[in-house]
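Undergrad: The following block contains a protein sequence and its predicted model.
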Amino acid sequence: MSEEKKIVVPEPLLKVDDLCKFFRISRNAVLKAVNHVTFNINKGETVGLVGESGCGKSTTGRCLVNLYEPTSGHVYFKGKDTMTLTKAEQMKFHSDVQMIFQNPYASLNPRMTVGEIVSEGMKIHTKLSHAECMEKAEALLHRVGLNKEHMSRFSHEFSGGQRQRIGIARALSVDPEFIVCDEPISALDVSIQAQVINMLKELQDDLGLTYLFIAHDLSVVKYISDRVIVMYLGTVVEEAPADELYAHPTHPYTKALLSSIPVADPKVAKSNKRIHIKGEIPSPINPKECCQFADRCVYATDRCRAEVPKRKEIEPGHFVSCHLIDQ
Amino acid sequence: MAERENILEIKNLSFSFKTYGGEVKAVRDVSYNLKKGEILGIVGESGCGKSVTAQCIMRLNPEPPGFFEGGEILFKGKDVLKMNKKELKELRSKDIGFIFQDPMTSLNPTMRVGKQIEEVFNGHKDISKAEIHEKALNIMKLVGISDVEKRFRQYPHELSGGMKQRIMIAMALVSEPSMIICDEPTTSLDVTIEAQILDLLLDLRSKLGTSIIMITHDLGVIAKLCDRVVVMYGGKVVETGTCDEIFYETSHPYTSGLMHSIAGLETDKDTALKPIAGTPPDLFAPPKGCPFAARCDYAMEVCQKNPPEQTQLTEEHMTACWLQHPYAPKVDLRMARKETV
């Protein structure tokens, strides 16, 4: 995998360049959900996006699939700016890029049968007849571990895990290349989570999919991702290959985040080696122009409170935004 | 561990709900106990009856539609099921604290949080208003809330998730109960905040000697916090033991399956996770035999037909599985675990 990546480098599948998404809340309050974010996603890889709730990871995901219009900055998919697509290009884009949503209870239309949900995209994006659509929908449901009796049922008749499978079948129905998975497993039970993760990995191997995997469960992200991006309050603080990030976290926030993962091993968990972050994630409304983590960081200096840190590459592929690495 | 007295004993408890679809047998023949100053973890998937059991302790389940089919719950030797209204009120407001899962919805949005903490003392005649106020402020400081005078006057919507959960903990602790029940207190919180809350609970246990029942589905939380663990599945207890016994001497296929199916930090990327196939049993018509039989890799004929007996492996370690029977094939679940980790 790693050798392959070096060759693929020239043209990333998706390029996010200085992306910003602000929401104006009142006359003088701006919520900066995504604040100058830059990263690339190469074909065939899984990029994990982690951070606490409210750090802007879902907003970033939604900007990538054009559900939100960015305030500034650009998203390039296969070299084309997604904001300036023609109608025809937009249609193609929406079938190439799909999304799996967080809450399988809210993201399926309760008044449509499973067959209708899965075939809806095909009817819009392809010229297949109704019978062909249904046939394909059946095949897709089979692919995600459901069977054709489920076609005529409604979503409320299914468990959470099954619903998430329906959501995945719907995303796959238009033969996408890139899927944004927005916390696809956080609403599921532990024993069901593994089923869904295994399925996502299998699908990637078979269909050559590219994933952006948004999650707050750091162990799952490590398991599934090739590269990991850590976000904090709208900014990317660190980006590195998964193994590198977990072995050598550099940003103080990443370190603290990794050390607060609950480990399912009593001997490790009870030997208290945690790095504590005090306080809670501050409000993203009118944030200060400085390092966003400065207020909670134990190593913060005056410079951190005055200046926005720049993104620097400390190892090949390992980017950190922190003033401390200069020292 | 020195023999400590039991503060709570649950014996053969069965609890069901009457619905239009039939009776949901949520809790079936569950027994466990809690010692003084101990943290007991209860793990299981959603719908396994872990929350219902805990709510039975304080009689918080609506009755009807819920009703007790049998068993007893002894709190300090007194049967909760036989208590009258007055005794129950005493139990709920003084003896046991309850921390609910979702701090966003379990606080009253129209009341200042300080008032909500003070409300616990409603009907307590032996304490003055000033004392109550003093107590509320002290408990808020204890759970790590800064600037308490200001926070006291705020409404829930002005606080973050972690802060609200601290208020919930403060409410549970303010009457200095000898036992608190935490129903997934950290599920809706971020890992960094979760770490803070767990440390707070450990800290409180060592300061106040409170006994804690910790309900969760997160094995990481269990590993960090608990002395003993009860594993529940399909309304029944399948395994109990000390924390080390459950993690290192796993003897029930369900417990072992749970541990396989989580992606730990050491999990190799190239090995697939081993999920537990299938879905939890339907509690309208619970299976006759072992509740886990339909999803178990080692299920035998007897598992479908007869409920397994409880086998005592060590003083604390109990497992309900037919594999423990002398005639059953020997399966080393621990070995199976080591291969994948």
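TA: Looks like it came in fine. Numbering: from 1, shown residues only, chains lettered A, B, ... in the order given.
Undergrad: Which stretches in the stretch 151-300 of chain B count as strands?
TA: B:179-183, B:211-216, B:228-233, B:236-242 (DSSP state E, counting those that start in this stretch).
Undergrad: now do the stretch 1-150 of chain A
TA: Going by DSSP E, counting those that start in this stretch, the stretch 1-150 of chain A shows strands at A:14-26, A:29-41, A:46-50, A:72-77, A:80-81, A:97-100.
Undergrad: Out of the ones you listed, which is the most enclosed?
TA: Mean neighbours per residue, mean count of other CB atoms under 10 Å in any protein chain shown, is largest over the strands of the stretch 1-150 of chain A for strand A:46-50, with a mean of 26. (Glycine included, C-beta is placed from N, CA and C.)
Undergrad: List the contacts of the residue of the stretch 151-300 of chain A found nearest chain B.
TA: Nearest residue of the stretch 151-300 of chain A to chain B, counting by CB to the nearest CB: A:Pro262, 2.5 Å away. Applying CB atoms under 8 Å, 6 or more residues apart in numbering or on different chains to A:Pro262 gives the contacts A:Ala269, B:Val191, B:Glu194, B:Ala195, B:Leu198, B:Asp218, B:Leu219, B:Gly220, B:Val221, B:Ala223, B:Lys224.
Undergrad: quick one: A:Phe23 from A:Ser58, how far?
TA: 13 Å (CB to CB, to the nearest Å).
Undergrad: Assign the residue of the stretch 151-300 of chain A closest to chain B to helix, strand or coil.
TA: Following DSSP: H, G, I helix; E, B strand; the rest coil, the label given to A:Pro262 is coil.
Undergrad: re the thing from before, let me have the strands of the stretch 151-300 of chain B in JSON lines, adding mean pLDDT, distance to A:Leu257 and mean neighbour count as columns.
TA: As requested, the strands of the stretch 151-300 of chain B are exported to JSON lines (pLDDT from 0 to 100; distance: least, CB to CB, whole Å; neighbours: other CB atoms under 10 Å in any protein chain shown):
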{"stretch": "strand B:179-183", "mean pLDDT": "90", "distance to A:Leu257": "23", "mean neighbour count": "25"}
{"stretch": "strand B:211-216", "mean pLDDT": "91", "distance to A:Leu257": "20", "mean neighbour count": "24"}
{"stretch": "strand B:228-233", "mean pLDDT": "91", "distance to A:Leu257": "27", "mean neighbour count": "26"}
{"stretch": "strand B:236-242", "mean pLDDT": "90", "distance to A:Leu257": "30", "mean neighbour count": "24"}
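Undergrad: Low-confidence bits of the stretch 1-150 of chain A, can you list those?
TA: A:1-10 (pLDDT under 70).
Undergrad: Which positions in the stretch 51-200 of chain A make contact with chain B?
TA: A:52-53, A:159, A:161-162, A:189-195, A:197-198 (CB under 8 Å from any CB of the partner chain).
Undergrad: I'd like the average pLDDT over stretch A:221-238.
TA: The average of the pLDDT scores along stretch A:221-238 is 91.
Undergrad: what distance separates that stretch from the centre of its chain?
TA: What separates the centre of stretch A:221-238 from the centre of its chain is 9 Å, taken as CA atoms, centre = their mean, to the nearest Å.
Undergrad: And that stretch, end to end?
TA: 15 Å (CA to CA, to the nearest Å).
Undergrad: related to what we said a few turns ago, distance to chain A for the strands of the stretch 151-300 of chain B - can I get that in CSV?
TA: As requested, the strands of the stretch 151-300 of chain B are exported to CSV (distance: least, CB to the nearest CB, whole Å):
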stretch, distance to chain A
strand B:179-183, 15
strand B:211-216, 10
strand B:228-233, 9
strand B:236-242, 9
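Undergrad: one step back: which ones among the contacts of A:Pro262 are found in helices?
TA: A:Ala269, B:Val191, B:Glu194, B:Ala195, B:Leu198, B:Leu219, B:Gly220, B:Val221, B:Ala223, B:Lys224 (DSSP state H).
Undergrad: For those, give me a markdown table that also has distance to B:Met300.
TA: Output for these, formatted as a markdown table (distance: CB to CB, whole Å):
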| residue | distance to B:Met300 |
| --- | --- |
| A:Ala269 | 34 |
| B:Val191 | 40 |
| B:Glu194 | 40 |
| B:Ala195 | 42 |
| B:Leu198 | 39 |
| B:Leu219 | 27 |
| B:Gly220 | 32 |
| B:Val221 | 33 |
| B:Ala223 | 31 |
| B:Lys224 | 35 |
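Undergrad: Between these, which sits nearest A:Met83?
TA: Using CB to CB, B:Val191 is the member of the ones in helices among the contacts of A:Pro262 that lies nearest A:Met83, at 34.5 Å.
Undergrad: mind listing what the residue lying closest to the closest one once chain neighbours are set aside touches?
TA: Excluding the flanking residues, the one nearest B:Val191 by CB to CB, 6 or more residues apart in numbering or on different chains is A:Ser260, at 4.8 Å. A:Ser260 makes contact with A:Arg274, A:Ile275, A:Ile277, B:Val191, B:Thr192, B:Glu194, B:Ala195 under the criterion CB under 8 Å, 6+ apart.
Undergrad: Taking the stretch 1-150 of chain A, what residue is nearest to chain B?
TA: A:Glu52 (4.0 Å).
Undergrad: which residues touch the nearest residue to that residue once chain neighbours are set aside?
TA: In space, and not counting its chain neighbours, A:Glu52 is closest to B:Asp190: 4.0 Å by CB to CB, 6+ apart. Contacts for B:Asp190 (CB under 8 Å, 6+ apart) come out as A:Glu52, A:Ser53, A:His216, A:Ile281, B:Gly161, B:Gly162.
Undergrad: Identify, from the residues of the stretch 51-200 of chain A next to chain B, the entry nearest to B:Cys321.
TA: Distances from B:Cys321 to these, taken by CB to CB, are shortest for A:Ser191, at 17.1 Å.
Undergrad: since we're on the closest one, how many residues are nearby?
TA: Number of residues near A:Ser191 (other CB atoms under 10 Å in any protein chain shown) recorded here: 25.
Undergrad: Same check on B:Asn138?
TA: 12.
Undergrad: With A:Thr126 instead?
TA: 16.
Undergrad: tell me the pLDDT at A:Ser259?
TA: So, for A:Ser259, pLDDT stands at 84.
Undergrad: wouldn't it be in contact with A:Ile275 here?
TA: Yes. Contact criterion CB atoms under 8 Å: A:Ser259 and A:Ile275 qualify, at 4.6 Å.
Undergrad: When these two are compared, which one has more neighbours?
TA: Neighbours were counted for A:Ser259 and for A:Ile275 using other CB under 10 Å; A:Ser259 has more, 17 against 14.
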